[in-house]
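S.K.: Following is a predicted model, sequence given first.
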Amino acid sequence: MVANGRPQRETLLSRADRPSLRSFDNPAQIEYTLGNVIDNVSNLIYSHMKKQLTTVRIQDVAREAGVSVSTVSRVLNERYGVSSGTVARVQKVIDELGYSSSLAARSMRGATNVIGVIIFNLGLAFNMEVVRGIDQVVQTQGYDLMVYTSNRANHSGDPTWERKVVNQLNGSIIDGVIVVTPTMLSLPTNFPLVTIEPCAEGDYPSVLATNFAGAQEAVQYLIGLGHRRIGLVGGTSRLLSARQRRQGYEAAHHAAGLPVAPELYVDGDYSYHIALDAARQLFSLAEPPTAILAGNDESAFAVLEVARELGISVPQQCSVIGFDNTRESRYSSPPLTTVDQSIVGLGSRAAELLIQIIAGQSVENRLYELPTQLIVRESCQPVATIG
């Protein structure tokens, strides 16, 4: 229907069928009629939703396009023997019906063009940046990305859950998998697999930063500012990155001829809440540190929070350095000096390696390290000016 040159939306009832409320003698009739209208509208909405939710099968595509199921299959798999006109007609029906073959069906035919990522806690800034890096490569190479995340607290009684998930996903609905900060020392290697920040060097390619050099540079910077009591809020000792950062922290002390005071090291797990306790422990020492290197930015934010709680000014009374260079680090108060480990680059490099392995190409190394860089902002100052 067109009015004033513009198409009008179709109505549920034509004008002839629409009852006027004035034609009813009492409210009961009005209520009854309105109830019928509401029922009709509900039925129409339900019917529409039911159509939308109905699973479209390959047989439906074949019937609508007027071809055989095998022809639709050949179109889907881009095989020869189908005319361009038939391909166009089938593709048009596929688009109209919203048909998509299941990942399981695609895996039976070969590659699914899907890369999986197993990751703990997507709420962490580090993990989100890693996924962003993976996605940047995946989308340029014609792959889709499937992210599997789970709270490890739900698997506290099952230390093998990561291995089980790798077995569930790999070799079935995905072509390969990237595991971020795995807690397992060994993972299945009969499928294309790459890890980021692993527990140790394994039988699969892994990507991590030059953690030793990054931590060493950070501590050397603090020593250069005159600090001698430098605390370390570490990461979980299960991870290779945490062990390397502690080694870099100790190496910087040794190179400067300084002792490594055991009370200045507190083990953490890279989480904000554990780092809160670690920071309180350091600040409660009889001789607290004048500077603290945190195992990651999340831990550094916890140190800043505890310092505020205790009335300790940063950097006037304590300098703080993080490790990550997440986006949030530049907006903290004060802006955080931190070690950049190219988190997005870690994800991108892992994705490149995995796609290379999926394509049947060999990789040269088992361990790939990306360089770190100290980013100096406003959370550190020379110890001589502290008073």
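M.R.: Cool, the structure landed.

S.K.: now the helices for the stretch 151-300 of the chain?
M.R.: 161-169, 211-224, 240-255, 272-283, 297-309 (DSSP state H, counting those that start in this stretch).

S.K.: can you tell which of these is closest to G202?
M.R.: helix 240-255 (9.9 Å; C-beta to C-beta). (Each C-beta comes from the backbone N, C-alpha and C, glycine too.)

S.K.: helices or strands up against that closest one?
M.R.: For helix 240-255, the elements it packs on are strand 206-209, helix 211-224, strand 230-233, judged by 3 or more C-beta pairs under 8 Å, 6 or more residues apart in numbering; DSSP states H and E.

S.K.: what's the last one in contact with?
M.R.: The set of residues that contact strand 230-233 without belonging to it, under C-beta atoms under 8 Å, 6 or more residues apart in numbering, is 219, 222-223, 245-246, 249, 253, 264-266, 268, 275, 278-279, 282, 288-295, 299-300, 302-303.

S.K.: Where in the protein is the helix or strand with the lowest mean pLDDT?
M.R.: Lowest on mean pLDDT, DSSP states H and E among the helices and strands of the chain sits strand 6-7, with a mean of 42.

S.K.: how does this structure divide up, domain by domain?
M.R.: 58-101, 112-206+345-366, 211-343+372-385 (automatic domain parsing).

S.K.: S348 versus the closest residue to Q141 other than its chain neighbours, what's the distance?
M.R.: Nearest non-adjacent residue to Q141, counting by C-beta to C-beta, 6 or more residues apart in numbering: I355, 5.5 Å away. To S348, I355 is 11 Å away according to C-beta to C-beta, to the nearest Å.

S.K.: what residues are shared contacts of the two?
M.R.: Common contacts of I355 and S348 (C-beta under 8 Å, 6+ apart): V137.

S.K.: Which secondary structure elements does the helix or strand where Q91 lies sit against?
M.R.: Q91 belongs to helix 84-97 when assigned by DSSP states H and E. Applying 3+ C-beta pairs under 8 Å, 6+ apart, one finds that helix 84-97 contacts helix 58-65, helix 69-76.

S.K.: Using CSV, lay out those helices together with distance to V376.
M.R.: Converted to CSV, the helices and strands packed on helix 84-97 look like this (distance: least, C-beta to C-beta, whole Å):
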stretch, distance to V376
helix 58-65, 60
helix 69-76, 55
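
S.K.: Nearest approach to G311 belongs to which of those?
M.R.: helix 69-76 (66.5 Å).

S.K.: Not counting that closest one itself, show me its contacts.
M.R.: Contacts to helix 69-76, defined as C-beta under 8 Å, 6+ apart, come from residues 58-59, 61-62, 65, 80-82, 86-87, 90-91, 94, 101.

S.K.: would you turn the residues you listed into CSV with neighbour count and pLDDT?
M.R.: Output for those, formatted as CSV (neighbours: other C-beta atoms under 10 Å; pLDDT from 0 to 100):
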residue, neighbour count, pLDDT
I58, 16, 78
Q59, 11, 83
V61, 24, 84
A62, 18, 87
A65, 20, 89
Y80, 5, 72
G81, 8, 79
V82, 17, 87
T86, 17, 90
V87, 14, 88
V90, 23, 87
Q91, 15, 85
I94, 20, 80
S101, 18, 55
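
S.K.: Could you work out the most separated pair of the residues you listed?
M.R.: The widest separation within these (C-beta to C-beta) is 22.9 Å, between Q59 and Y80.

S.K.: could you say what helices and strands whatever helix or strand the residue nearest to Q141 lives in packs with?
M.R.: In this structure, I355 sits in helix 343-358 according to DSSP H and E. Applying 3+ C-beta pairs under 8 Å, 6+ apart, we find helix 343-358 packed against strand 114-119, helix 125-140, strand 176-180, strand 193-196, strand 206-209, strand 367-370.

S.K.: and of these, who's closest to K164?
M.R.: Using C-beta to C-beta, the nearest of these to K164 is strand 114-119, at 10.4 Å.

S.K.: Give the pairing partners of that closest one; include direction for each.
M.R.: Under the criterion DSSP bridges, strand 114-119 sits next to strand 144-149 (parallel), strand 176-180 (parallel) in its sheet.

S.K.: isn't H227 right next to P288, touching?
M.R.: No. Shown here, H227 and P288 do not form a contact pair, counting by C-beta atoms under 8 Å, at 12.0 Å.

S.K.: Between these two, which is the more surrounded one?
M.R.: Taking other C-beta atoms under 10 Å, H227 and P288 do not tie; H227 has more neighbours (24 against 18).

S.K.: any idea how far the more buried one is from L293?
M.R.: 10 Å.

S.K.: go on, Q59?
M.R.: For Q59, the distance to L293 equals 63 Å [C-beta to C-beta].

S.K.: And Y80, by the same measure?
M.R.: Using C-beta to C-beta, Y80 is found at 62 Å from L293.

S.K.: ok, now L276?
M.R.: In terms of C-beta to C-beta, L276 sits 16 Å off from L293.

S.K.: Am I right that P289 is in contact with C318?
M.R.: Yes. Contact criterion C-beta under 8 Å: P289 and C318 qualify, at 6.8 Å.

S.K.: So what sits opposite the nearest residue to G345 once chain neighbours are set aside in the bridge?
M.R.: Sequence neighbours aside, L370 is the residue nearest to G345 in space, at 5.2 Å (criterion: C-beta to C-beta, 6+ apart). Residues in a beta bridge with L370, per DSSP bridges, are A209.
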